[in-house]
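Engineer: Got a sequence here, can you build the structure:
(2 chains)
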Amino acid sequence: MKRFIITVISIITLFVLQGTLFREFDFGDTVPNLLLIFTVSIGLMRGDKAGMLVGFFGGLLLDIFSGQTIGLYALILMYIGYLNGGFSMIFFPEDVKLPMIMILVSDFIYGFCVYVILFLLRGRTDFSFYFKKIILPECIYTIVITIMLYPLILFVHKKLKKDELRKAHKFVS
Amino acid sequence: MSPIIKPEREKFTLPGKYLLFILTIICCILMVLTFTTDIFNKPLNYAVGYVIVPYQKGISAIGSYLSDKKDSLVNVYDLINENQELRNRIAELEDENTKLIQDKYELNSLKELYELDMEYESYEKVGARVIYKDAGNWFSTFIIDKGYKDGIAPDMNVICGNGLVGRISVVGPNWSRITSIISDNSNVSATILKSQDNIIVMGNLEMIKDGAIPFSQLKDEDNKVNVGDKIVTSSISDKYLPGILIGYVSSVTDDPNNLTKSGTLLPAVDFEHIDNVLIITQQKQFVSDEELEEGLNKLNYSDEAINEAENEEQKDD
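Structural biologist: Alright, predicted model coming up:
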């Protein structure tokens, strides 16, 4: 229950930060994709189902406030959360390389999907432009923010897990 | 300890694969429904409005405070020098100002005399604050802190300063979304003020990175359109009120077909720094297809009546 409430609050906070605080500190008109960082991290830490649900609800918020069609960002982020959940087998909390790589790859896939669905299908064919001006800056900025945000997510995750383990022990003894 | 030991029940869990499948279908249904109907708008917007909008307002205030602080830190050394210069300027300008104020009073009285109407003073407007900007990097939308409770309706025009920002696309109870004219999926029917040629202004992500908006379909056979001409919304647009300033022509080129021209314009609004906007509550008069048909039918009837009358006259002859 505690975990659920903390997750919901995190999603809303990150979503709000993405469009307000980070808009004020945007470099070259780019904002980092905080919801994606959170989705990937949760997917890696807690498996495919949690990642999927976090992606779905985070994406739904994006859809309602800044999407063209409700369900599109939700779909993309949900799949990203699910696929990253598959890597939770080889995830160790001490290893920072895997989440970094996964977030980078996921952000690229996210950008590519958005480009294909919302731009290529409307006849905007200049992929190299969109890659250089939108997708790549977003990836870089997101990775930089990850360095700061990821330890925080990991810290909260570890703390919650400890609490849950302690409770489980209590019941056993 | 209770003597009854409950047997350990196997907890029902849905495998991830099935959950993914179910959620995918939900997403697809949502997408199809948003394309075909607008049933989601009300309940979703309502629910979200009460949870997130107050939060956004708070954080947005913190954000602008911090960014002000950032700007002030960067500029503090320049400001000290500038301050000295400006003090000298103030003395000069104050002197000048007294003269100008006198002129202004005269001008105002003259304006009243001639009943000069300023460009958009006739439209009724409501002010609103931008609390959230697009969370992605692909489109340019804004969330403002007024919704249908404040009388905002979809397709109302939004201006900032003296230029067009865009129009309201989604409305919640206490928030609404503006799709700006620089957004990649926006098209505006416009007119070049000097030559009264109609053009289409299309938002484009590639161009706006250079600060320009492309326009096309300009029929300008006599080469009357020059760089710097004003572009305003046209009277034939079905969403935008006529005569709102969009920007100024910055380049014109011939299309390959040699019939039309296209080019770019510089927007009158600084889209980077939009904090407060004005919403024009008056909406463009909308004629539905049914009304149009009705009107045409009436015309046809009157045509028939005229024909009959003419026939009768001919018989009389």
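
Engineer: Low-confidence ranges, chain B, go.
Structural biologist: Applying pLDDT under 70 to chain B flags the ranges B:1-11, B:38-41, B:109-121, B:301-306, B:309, B:313-317.

Engineer: can you pull out the strands in it?
Structural biologist: Secondary structure of chain B (DSSP state E): strands at B:125-133, B:141-144, B:157-160, B:163-171, B:176-180, B:187-192, B:197-202, B:213-218, B:230-233, B:245-254, B:261-267, B:276-280.

Engineer: so how far is the helix or strand where A:I76 lies from its chain's centroid?
Structural biologist: Element membership for A:I76 (DSSP states H and E) is helix A:72-85. In this view, helix A:72-85 has its centroid 9 Å away from the chain centroid, taken as Cα atoms, centre = their mean, to the nearest Å.

Engineer: list the helices and strands that helix packs on?
Structural biologist: Contacts defined by 3 or more Cβ pairs under 8 Å, 6 or more residues apart in numbering or on different chains; DSSP states H and E place helix A:72-85 against helix A:34-46, helix A:48-66, helix A:97-114, helix B:16-36. (C-beta placed from N, C-alpha, C; glycine too.)

Engineer: got a list of contacts for whichever helix or strand comes after the third one?
Structural biologist: Translated: helix A:97-114. Downstream of helix A:97-114, the first helix or strand assigned by DSSP H and E is helix A:127-130. Residues from elsewhere that reach helix A:127-130 (Cβ atoms under 8 Å, 6 or more residues apart in numbering or on different chains): A:115, A:119-120, A:124, B:205-206.

Engineer: Please point out which parts of helix A:127-130 sit buried.
Structural biologist: For helix A:127-130, the buried set under the neighbour-count rule, 16 or more other Cβ atoms under 10 Å in any protein chain shown, comprises A:Y130.

Engineer: again, but for stretch B:60-77
Structural biologist: B:60, B:63-64, B:67.

Engineer: TSV for those, including distance to B:E312?
Structural biologist: Shown next, in TSV, are the buried residues of stretch B:60-77 (distance: Cβ to Cβ, whole Å):
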residue	distance to B:E312
B:S60	73
B:G63	77
B:S64	75
B:S67	79
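
Engineer: Just the ones of the residues you listed in helices?
Structural biologist: Counting by DSSP state H, the buried residues of stretch B:60-77 place B:60, B:63-64, B:67 in helices.

Engineer: Show me which residues of stretch B:179-193 are buried.
Structural biologist: When burial is assessed from 16+ other Cβ under 10 Å, stretch B:179-193 yields the following buried residues: B:179-186, B:188-192.

Engineer: where does B:N223 fall, phi/psi-wise?
Structural biologist: Per-residue torsions, B:N223: phi 50, psi 50 (degrees, to the nearest 10).

Engineer: residue contacts, it?
Structural biologist: B:N223 touches nothing, counting by Cβ under 8 Å, 6+ apart.

Engineer: re the thing from before, got the strands of chain B as a markdown table, with distance to A:F91 columns?
Structural biologist: Output for the strands of chain B, formatted as a markdown table (distance: least, Cβ to Cβ, whole Å):
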| stretch | distance to A:F91 |
| --- | --- |
| strand B:125-133 | 33 |
| strand B:141-144 | 36 |
| strand B:157-160 | 46 |
| strand B:163-171 | 38 |
| strand B:176-180 | 37 |
| strand B:187-192 | 46 |
| strand B:197-202 | 46 |
| strand B:213-218 | 46 |
| strand B:230-233 | 54 |
| strand B:245-254 | 51 |
| strand B:261-267 | 47 |
| strand B:276-280 | 45 |
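
Engineer: of all the ones you listed, which lies closest to A:K97?
Structural biologist: strand B:125-133 (33.0 Å; Cβ to Cβ).

Engineer: re the thing from before, can I get the buried residues of stretch B:179-193 in TSV including distance to chain A?
Structural biologist: Compiled in TSV, the buried residues of stretch B:179-193 are given as follows (distance: Cβ to the nearest Cβ, whole Å):
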residue	distance to chain A
B:T179	9
B:S180	12
B:I181	16
B:I182	11
B:S183	10
B:D184	7
B:N185	7
B:S186	11
B:V188	17
B:S189	19
B:A190	21
B:T191	25
B:I192	26
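
Engineer: rewinding a little: name the nearest of the buried residues of stretch B:60-77 relative to A:L165.
Structural biologist: Using Cβ to Cβ, B:G63 is the member of the buried residues of stretch B:60-77 that lies nearest A:L165, at 38.0 Å.

Engineer: wouldn't that closest one be in contact with A:G19 here?
Structural biologist: No - using Cβ atoms under 8 Å, B:G63 is not in contact with A:G19; the gap is 9.3 Å.

Engineer: re earlier: and the helices and strands packed on helix A:72-85, which is most packed in?
Structural biologist: The highest mean neighbour count among the helices and strands packed on helix A:72-85, using mean count of other Cβ atoms under 10 Å in any protein chain shown, belongs to helix A:34-46: a mean of 27.

Engineer: Just want the angle from that one to helix A:72-85.
Structural biologist: 30 degrees (axes from the mean of the first three to the mean of the last three Cα atoms, to 10 degrees).

Engineer: Relative to B:V188, how far out is B:N157?
Structural biologist: Separation of B:N157 from B:V188 (Cβ to Cβ, to the nearest Å): 10 Å.

Engineer: okay, and the common contacts of those two?
Structural biologist: Common neighbours of B:N157 and B:V188 (criterion: Cβ under 8 Å, 6+ apart): B:164, B:233, B:240.

Engineer: Tabulate those in JSON lines, adding columns for distance to chain A and neighbour count.
Structural biologist: Shown next, in JSON lines, are those (distance: Cβ to the nearest Cβ, whole Å; neighbours: other Cβ atoms under 10 Å in any protein chain shown):
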{"residue": "B:L164", "distance to chain A": "20", "neighbour count": "27"}
{"residue": "B:T233", "distance to chain A": "23", "neighbour count": "23"}
{"residue": "B:Y240", "distance to chain A": "20", "neighbour count": "24"}
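
Engineer: Quick one: list the elements packing against whatever helix or strand A:S10 lives in.
Structural biologist: Here A:S10, judged by DSSP H and E, is contained in helix A:2-19. Here helix A:2-19 is seen to pack against helix A:34-46, helix A:48-66, helix A:136-172, helix B:41-114, strand B:125-133 when contacts are counted using 3+ Cβ pairs under 8 Å, 6+ apart.

Engineer: Let me have these in TSV, extended by distance to B:N198.
Structural biologist: Formatted as TSV, the helices and strands packed on helix A:2-19 follow (distance: least, Cβ to Cβ, whole Å):
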stretch	distance to B:N198
helix A:34-46	42
helix A:48-66	31
helix A:136-172	37
helix B:41-114	30
strand B:125-133	26
